[in-house]
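[1] just to be clear, the model below is a prediction. Sequence and coordinates:
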Amino acid sequence: MTQARAGGRHCGWALALGLTALASISGCSLIRQTASRFPAADIDAIYAEALTNPERNPVILIHGFTGAKIVSHASEFLERARAGVLVTDFEYGVYAAMVAMVERAGYAPCRGVGEPAPVSDMPACFTFFYDWRQDNVGNAIALGRFIDEASRQLEAAGGDDDNEPIRFDILAHSMGGLITRYFLRFGARDVLSEAESSITWAGAEHISRAILIATPNFGAMEALQELITGVKYPVVRYEQTLLATCVSLYQMLPRERHELWLDPGGQPTPFEFMSAEIWQRNGWGPFSPKQARHLEVLFPGVMSADERSDRMAAFMDAAFERARRFMEAIDRHPDSPPPVPMILFAADATPTLARAEVSTSKNGQTVLRFGDGKRLNSPGDGRVTRASALADERIGGGPSGWLRSPIPWAQTIFLTDAHMSMLGNPTFQNNLLHLLLERKPEEGR
């Protein structure tokens, strides 16, 4: 989708402005585990012998939305991450905890495929950096190329002594899990334009385990709220017009079909929002009167305000349609189980925005209220609800009984932490290292 690719470039407007605030927030979360009233396990002692396990797989780390600044060389990011440095050049330094943990667990220093390979006998660690503003399908295709190149490098270095294909354990946080799921289902190809696409598990050839962490598998209500109202951090604000150019954000929206919409009386009500005409009519997001000056920046040389609005609407409709097809592709139940275990880490101890109240104003406009009342919240990690992470089809009045999900989970692990700080949680790290260092992948099926 040409419009979507072009629009993604504009998402860099306010990036530099927001980094300092986001970094400071992340820095606090990195040490929140020290407040725990329970002792942390001595991970180094527990896994001292397992660090030499010769059978473990190389790993690929995949960050989430805004997980890294778009840079040409991954090594600079990783150097900062290893040092735990939080500066305005990089967003969300909490990934430092993940990098440090993996390297401390006996893996070679993490790198991108374009970086020199370290001289090491330890299993490789790769970090897949991608443009998180862009379409998740395009990023899944890029992941396929990345895996091919990482495999080629390891084979050239003598990693195929048993004539077995190189297989990776993938650790994917937040939106990175959506990219991973799409790639597993369809491989490195775009199936969204196809009338009916089969789930072939084409991406599983080089994957041993897919470990998803705090992934919004059924979307996040907070993503919709931010698209409508923008988001403000302590020292910076991301404007609606900026967010509306990030195609990937549309693909993390909550599902219209779920009963997440309440009337003022608290009763479920049908609601559809994936149409730019609705946004224009109600003055949402980039169509708010206060966003007019930002549309002027987005569409320089376009003299008419109406024309700028129509161009933004055309872009949004294309992004909504792309998101709708993406959701259909990853929400469909597979005909066969995945050939690799799919494992979820999620948190469910924080009230998390799950629903919205729909009402009509005196002038006839639709108003969405995203409050912090109990009836609009559900257990989650502060951004992604437990139900969304599970892709739980019982969400909002779905079928009762056992969990029904389009994701055939091999294992699910729940924590008491938040969306970003989860990566530094010692209980999370303990369980993750147990999987990576001590459990055969097939035991998780």
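    Perfect, I can see it now. The model shown is predicted, which means the values in this text are computed figures rather than measured ones.
[2] does N217 count as helix, strand or coil?
    coil (DSSP: H, G, I helix; E, B strand; the rest coil).
[3] how many neighbouring residues does the residue lying closest to it once chain neighbours are set aside have?
    The shortest distance from N217 to any non-neighbouring residue, by CB to CB, 6 or more residues apart in numbering, is to A391 (3.9 Å). No exception for glycine: its C-beta is placed from N, CA and C like everyone else's. A391 has 22 neighbouring residues, counting by other CB atoms under 10 Å.
[4] any idea of the mean pLDDT in stretch 128-143?
    Mean per-residue pLDDT for stretch 128-143: 94.
[5] straight-line length of that stretch, end to end?
    With CA to CA, to the nearest Å applied, stretch 128-143 spans 7 Å between its terminal residues.
[6] and stretch 267-285, by the same measure?
    So stretch 267-285: terminal residues 26 Å apart, CA to CA.
[7] now tell me which helix or strand of this protein has the poorest mean pLDDT.
    When each helix and strand of the chain is scored by mean pLDDT, DSSP states H and E, helix 15-30 comes last, with a mean of 33.
[8] what is the subsequent helix or strand relative to it?
    As assigned by DSSP states H and E, the chain's next helix or strand after helix 15-30 is helix 43-46.
[9] C-terminal to that following helix, what's the next element?
    In N-to-C order, the element after helix 43-46 by DSSP H and E is strand 59-62.
[10] which other helices and strands contact that next one?
    Packing contacts for strand 59-62, counted by 3 or more CB pairs under 8 Å, 6 or more residues apart in numbering; DSSP states H and E, involve helix 95-104, strand 125-128, helix 136-156, strand 168-173, helix 175-186.
[11] contacts for that strand?
    Applying CB atoms under 8 Å, 6 or more residues apart in numbering, the set of residues contacting strand 59-62 from outside is 95, 98-99, 102, 107, 110, 123-128, 130, 143, 146-147, 150, 168-173, 176-177, 179-180, 436.
[12] what residues does the residue nearest to N217 make contact with?
    Contact criterion CB under 8 Å, 6+ apart gives N217, F218, D331, S405, P406, I407 as the residues in contact with A391.
[13] how much space separates the third one from I407?
    Applying CB to CB, to the nearest Å, the value for D331 to I407 is 9 Å.
[14] ok, these two, which is more surrounded?
    Between D331 and I407, counting by other CB under 10 Å, I407 is the more crowded of the two (25 against 17).
[15] how about the more buried one, nearest residue that isn't a chain neighbour?
    Nearest one to I407, counting by CB to CB, 6+ apart, is A391 at 5.0 Å.
[16] also M221?
    L353 is the one closest to M221 (CB to CB, 6+ apart), at 4.6 Å.
[17] thinking that neighbour is in contact with G373, fair?
    No - L353 lies out of contact with G373 (CB atoms under 8 Å); the separation is 10.1 Å.
[18] quick one: low-confidence ranges for the stretch 1-150 of the chain?
    1-37, 67-94 (pLDDT under 70).
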